[in-house]
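[1] make a model of this:
(one chain, ligands or ions: 1)
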Amino acid sequence: MIRILFLFSFFLLPLQSQAQAQIERVDPPFWWVDMPVEEVQIQLYGPDLGLFRAEIEYEGVQLTKQIAVDSPNYLFLYLQVHSSAKAGDIPIVLSRGDEQLKLSFELKNREDRTNKNQGFDASDVIYLMMPDRFANGNPDNDTIEGMLEAADRSNPERRQGGDLAGVSQKLDYLDDLGMTAIWFTPIIENDMTPEYGAYHGYAATDLYRVDRRYGSNEEYKALIDAAHDRGMRVIMDMIHNHIGDQHWWMKDLPTYDWVHNIDEYMQTNYQGSIVADPYASEYDMQKLVDGWFVPEMPDLNQDQPLLTDYLIVNTIWWIEYSGVDGIRMDTYLYPDKEYMAEWVETVLTAYPDFNIVGEAWAVNPPAAAYWQYDLPGQGDGYDSKLPSITDFPWSFAVRDAFAEEFGWNSGLMHVYYMLSQDFLYSDPMKNVIFLDNHDMARVFEHIGKDKAGFKMAITLLMTQRGIPQLYYGTEFMFGHENRGGDDEGWRQTLPGGWPDDDRSVFEESGRTAEEQEAFSYIRDLANWRKTAIATHEGSMKHFVPEDGTYVYFRMHEQQTIMVLVNTSNEEKRLSTTRFQEVLGAFNSATHVLDNTQFELGDELVLPPNEASVWELTNEL
Ligand code: CA
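    Numbering: from 1, shown residues only. Take a look at the predicted model:
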């Protein structure tokens, strides 16, 4: 890909032993012709490269800027690649006096974009997994010579050895489960010390390389191609707020301001509400945005344009290289918000079908809605440009709905009040909704291991507005494992994903009866949902919960869905008079899973502790 030649003039040879100039890194490693963005920044790294000047002669490519920085060991080049440029190797000559370095930078032809960069939306169900914890398809990569942490199955706070090979072996399983999109927690290199526990992937040490314990860049791309071949989509997890302290930049920062607070540690206050707060102090704002997430995660400074250009080029490189369909951006409230909007706009202008969801950890709908594009109403004028947000308020409301008894402000009323504020969102159908994720107690644990409550919560996940996301293991109604720290309780490995496991939840024969019941229910609903257009595009109408019951509809010109929820311990009979504005157009209801039918009469009968989904028709 990159050929580097070293040419030294004769009389300079004696100096070589002191600082032999060479190019150690080129980011990105290659680029393409005919890209939707014309400019590409190239970061060159090697001893004294900042003292060299670059020259390029290549038709259709112009070197517009070259920038040396605080560290003498970096040189940033900006290339304009015009539409007339043809694929090939661009010769780049770096000169310092008579000393010359040469490298060739490859411009590839773009691959056909069919089935690539497709985005994701409410017609999908996203499966969120931690690749380290899902399945170990290649035990040979559990430990990589020269990397700081090896797998240790005896310690849940360390790597377990799961990898991309494990995922590709389980694509049939995910397909069967009805999942149409996969979101991996980050797969880029996290070569961190074992004590830190970077199996989660949020402490990047190389933004251009898949962690070798998960596989290779080529394997990641092949896995995405394989997912696309079966109509599934893939979402890449990225982090622009911070890197890992073992990132190679940290040994020799390009500029003094590359990361915040390098001289004196300052931790963030984790209060994302500050950004939209009209009364926020500068002190709090600075602590939120400039503070480090944890001591092992240096906070990147998005006011440094060389850095943000690097991050944008890196994003586009992965989108183009891998064909990935969407991005989940981590810690969305913590970086500079103007940069985040610029990043979103650049990506979505280049790849219009693509989608991005920001991890907007917010306690209520206004705080979450602030981060969705075109904020209506009385905002501060900020437009995030961001299509999708992680809908934490939905998650909190539904979790509490099935953890509490019904009351005027408890149980199902949480869901009602939360949804009644949907006017705050530009498009709540783009919100990613979920019952749990890798940073939250598992929903089954949260609701006191109530099996009926679990199935009702799943029903809401599959039928309410937004893009549902299922956390791996939730299909088996997993609770917590009492091993390791808090996080590890809900980040267990899936039995059967490892060759020496004594059972496999990937096979029906390896599941307990309860696991099978949960699995079947989720699989049946998710597969039904694939063609249930009312859940993808339908409007929503709900009725104020009464007496522990909740009735809502999803309405589309081709399909109307009725959901009946009864959280009480008694059968409830509801007069249909209340629902006539919807029911009036139909005479029968068909259960979407077992096809049982009933004629719409004076009453709806809701069995205790159950949610059911019905398609309304005029068949009877
Ligand atoms: Ca492995």
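[2] need the helices for the stretch 201-350 of the chain, in chain order.
    Along the stretch 201-350 of the chain, counting by DSSP state H, counting those that start in this stretch, helices occupy 217-229, 282-290, 305-322, 337-350.
[3] out of these, which comes closest to Gln66?
    Among the helices of the stretch 201-350 of the chain, the nearest to Gln66 by CB to CB is helix 305-322 (11.7 Å). No exception for glycine: its C-beta is placed from N, CA and C like everyone else's.
[4] which strands or helices does that closest one pack on?
    In terms of contacts (3 or more CB pairs under 8 Å, 6 or more residues apart in numbering; DSSP states H and E), helix 305-322 is packed against strand 25-27, strand 39-45, strand 74-81, strand 206-210, helix 217-229, strand 233-238, helix 337-350.
[5] let me know the next secondary structure element after the first one.
    Of the helices and strands lying after strand 25-27 in sequence (DSSP states H and E), the nearest is strand 30-32.
[6] pull up the pairing partners for that following strand, direction included.
    strand 99-108 (parallel) (DSSP bridges).
[7] quick check on the closest residue to the ion within the stretch 351-500 of the chain: phi, psi?
    In the stretch 351-500 of the chain, no residue comes nearer to the ion than Trp498, which is 9.1 Å away by CB to the ion. Backbone torsions of Trp498, given as degrees, to the nearest 10, read phi -120, psi 140.
[8] okay, now the spatially closest residue to it that is not a sequence neighbour: neighbour count?
    Nearest non-adjacent residue to Trp498, counting by CB to CB, 6 or more residues apart in numbering: Asn136, 4.9 Å away. The number of residues packed near Asn136 is 26, by other CB atoms under 10 Å.
[9] same check, this time on Asn569
    9.
[10] host element of the nearest residue to it once chain neighbours are set aside?
    Spatial nearest neighbour of Asn569, chain neighbours left out: Pro608 (5.1 Å); criterion: CB to CB, 6+ apart. Assigned by DSSP H and E, Pro608 falls within no helix or strand.
[11] contact partners for Pro608?
    Asn566, Ser568, Asn569, Glu570, Glu571, Lys572 (CB atoms under 8 Å, 6 or more residues apart in numbering).
[12] swap in Phe105?
    Going by CB under 8 Å, 6+ apart, the list of residues near Phe105 reads Ile2, Val26, Phe30, Trp31, Ile42, Asp89, Ile90, Ile92.
[13] switch to 7 Å and redo it
    Applying CB atoms under 7 Å, 6 or more residues apart in numbering to Phe105 gives the contacts Ile2, Val26, Phe30, Ile42, Ile90, Ile92.
[14] and for the second one, the neighbour number?
    If I follow you right, that is Val26. Based on other CB under 10 Å, the number of other residues close to Val26 is 22.
[15] how much space between it and Tyr214?
    To Tyr214, Val26 is 23 Å away according to CB to CB, to the nearest Å.
[16] ok, now Leu333?
    27 Å.
[17] same check on Ser154?
    Between Ser154 and Tyr214 the computed distance is 21 Å (CB to CB).
[18] out of those two, which sits in the busier spot?
    Neighbours of Ser154 and Tyr214, each counted by other CB under 10 Å, are more numerous for Tyr214; the result is 28 against 6.
[19] tell me the pLDDT at the residue in the stretch 501-620 of the chain that the ion sits nearest to?
    As assessed by CB to the ion, the ion sits closest to Asp501 within the stretch 501-620 of the chain, at 13.7 Å. Reported pLDDT at Asp501 in the predicted model: 97.
[20] so it is in which element?
    Using DSSP H and E, Asp501 sits in no helix or strand.
[21] what's the local residue count around Asp48?
    16.
[22] any buried residues in stretch 106-115, and which?
    Within stretch 106-115, the residues that qualify as buried are Glu106, Leu107, counting by 16 or more other CB atoms under 10 Å.
[23] helices of the stretch 501-620 of the chain, residue ranges please.
    513-529, 533-537, 580-583.
[24] and the second one, how far from the chain's centre?
    Read it as helix 533-537. In terms of CA atoms, centre = their mean, to the nearest Å, the centre of helix 533-537 is found 23 Å from the chain centre.
[25] now the residue nearest to Arg158 when sequence neighbours are not counted, what's its secondary structure?
    Spatial nearest neighbour of Arg158, chain neighbours left out: Asp152 (4.0 Å); criterion: CB to CB, 6+ apart. Using DSSP: H, G, I helix; E, B strand; the rest coil, the structure places Asp152 in coil.
[26] surely Asp152 and Asp142 touch.
    No. With contact defined as CB atoms under 7 Å, Asp152 does not reach Asp142; the gap is 9.1 Å.
[27] more neighbours, these two?
    Remark: of Asp152 and Asp142, Asp142 carries more neighbours, 18 against 15, as counted by other CB under 10 Å.
[28] thinking that one is in contact with Gly161, fair?
    Yes. Using CB under 7 Å, Asp142 is in contact with Gly161, at 3.8 Å.
[29] now the common contact residues for these two.
    What both Asp142 and Gly161 touch, as defined by CB under 7 Å, 6+ apart, is the set Ala151.
[30] spell out which parts of this protein neighbour the ion.
    Asn136, Asn138, Asn141, Asp142, Gly161, Asp163 (CB under 5 Å from the ion).
[31] got the contact list for Trp361?
    Going by CB under 7 Å, 6+ apart, Trp361 touches Gly272, Leu333, Phe392.
[32] how does it look with 8 Å?
    Shown in contact with Trp361 (CB under 8 Å, 6+ apart): Gly272, Leu333, Thr390, Phe392.
[33] how about the first one: what's its closest non-neighbour residue?
    To tie it back to what came earlier, the one meant is Gly272. Closest residue to Gly272 apart from its sequence neighbours, by CB to CB, 6+ apart: Leu333 at 3.3 Å.
[34] that neighbour against Ala368, yeah?
    No. The pair Leu333 / Ala368 is not scored as a contact, 10.0 Å apart, by CB atoms under 8 Å.
[35] anything in contact with each of these two?
    Ala360, Ala362.
[36] let me see the ranges of the strands in the stretch 51-200 of the chain.
    53-56, 61-68, 74-81, 88-96, 99-108, 126-129, 181-184, 188-189 (DSSP state E, counting those that start in this stretch).
[37] reformat these as TSV; add mean pLDDT.
    Output for the strands of the stretch 51-200 of the chain, formatted as TSV (pLDDT from 0 to 100):
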stretch	mean pLDDT
strand 53-56	98
strand 61-68	98
strand 74-81	98
strand 88-96	98
strand 99-108	97
strand 126-129	98
strand 181-184	98
strand 188-189	98
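[38] any chance of those in TSV, with distance to Ala227 too?
    Below are those laid out as TSV (distance: least, CB to CB, whole Å):
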stretch	distance to Ala227
strand 53-56	38
strand 61-68	34
strand 74-81	29
strand 88-96	31
strand 99-108	22
strand 126-129	11
strand 181-184	6
strand 188-189	18
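[39] burial count for the residue of the stretch 351-500 of the chain closest to the ion?
    For Trp498, the count of nearby residues is 20 (other CB under 10 Å).
[40] what do you get for Val61?
    23.
[41] isn't it right up against Tyr78?
    No. Look at Val61 against Tyr78 with CB under 8 Å: they stay out of range, at 11.1 Å.
[42] shared neighbours of the two, anything?
    Residues touching both Val61 and Tyr78 (CB under 8 Å, 6+ apart): there are none.
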